[in-house]
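Student: generate a structure from the sequence data that follows.
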Amino acid sequence: MTRRWMRIGAVTAGSILAVGLVPGAANAATGVVKDPRGDAPKVADITKLQLKNTERRVTGTITLAHPRRVKKLAATDLILRTKDSGRYRYVVSVVRNEDGVVTNRQLGWVIPDDPATYKPLVCDGITTKWLSKKRFRISVPVSCLTETTGRRVKARAAILARVGPGHDSYDERTPATRWIRRG
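Tutor: This is a model prediction of the structure:
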């Protein structure tokens, strides 16, 4: 082997080792939960939720099993729980009209399955974006999560779909992610 190839091999090995030894700080604030394909109607079948918890935003990226059918999506919720929230949850909702156009982004504070406890929270920074035909993102600023001070978050995603005129129902709700420390 020539000296040139030995140097290239040494540099390559060093690069691989350096990448492998880099601390996982960038990954420490991310968690993924997978949901079985086919356990919900096509319009609402979520297969993956990726949660990212940074100093400024909590972001959920939702992957659907089938290409989006926006007109059937009534609402998509990112349900957040902090370590100190007790029975309450934050619910970040993106609401769509019959044409699939986003009409409202809202944040609420509620005990699950008890709508009488729902309290709307003021938040102007909720964003949503389609990343591809099967993936979209919902993001909320940490500054809007005013009911708790916990830095660890876990999340679930849910889709409320139009199944007929005047009939909306949750067709899918993912399992919860693990606790994600704010990074």
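
Student: which non-adjacent residue is nearest residue 98?
Tutor: In this structure, residue 98 finds its nearest non-sequential neighbour in residue 71, 6.5 Å apart by CB to CB, 6 or more residues apart in numbering. The C-beta positions use only the backbone N, C-alpha and C, and glycine is treated the same way.

Student: who's in contact with residue 179?
Tutor: Taking CB atoms under 8 Å, 6 or more residues apart in numbering as the contact definition, residue 179 lies against 31, 83, 152-154.

Student: now do the buried residues in the longest strand along the chain.
Tutor: In terms of residue count, the longest strand belonging to the chain (DSSP state E) is strand 152-164. Residues of strand 152-164 classed as buried by neighbour count (16 or more other CB atoms under 10 Å): 153-162.

Student: same thing with stretch 88-100?
Tutor: Applying a neighbour-count criterion of 16+ other CB under 10 Å, one finds 88-96 buried in stretch 88-100.

Student: redo those as CSV? Include pLDDT and distance to residue 55.
Tutor: Below are these laid out as CSV (pLDDT from 0 to 100; distance: CB to CB, whole Å):
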residue, pLDDT, distance to residue 55
88, 96, 23
89, 97, 22
90, 97, 17
91, 96, 22
92, 97, 18
93, 95, 24
94, 94, 23
95, 92, 28
96, 89, 30
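
Student: and of those residues, the nearest to residue 181?
Tutor: Using CB to CB, residue 90 is the member of those that lies nearest residue 181, at 17.0 Å.
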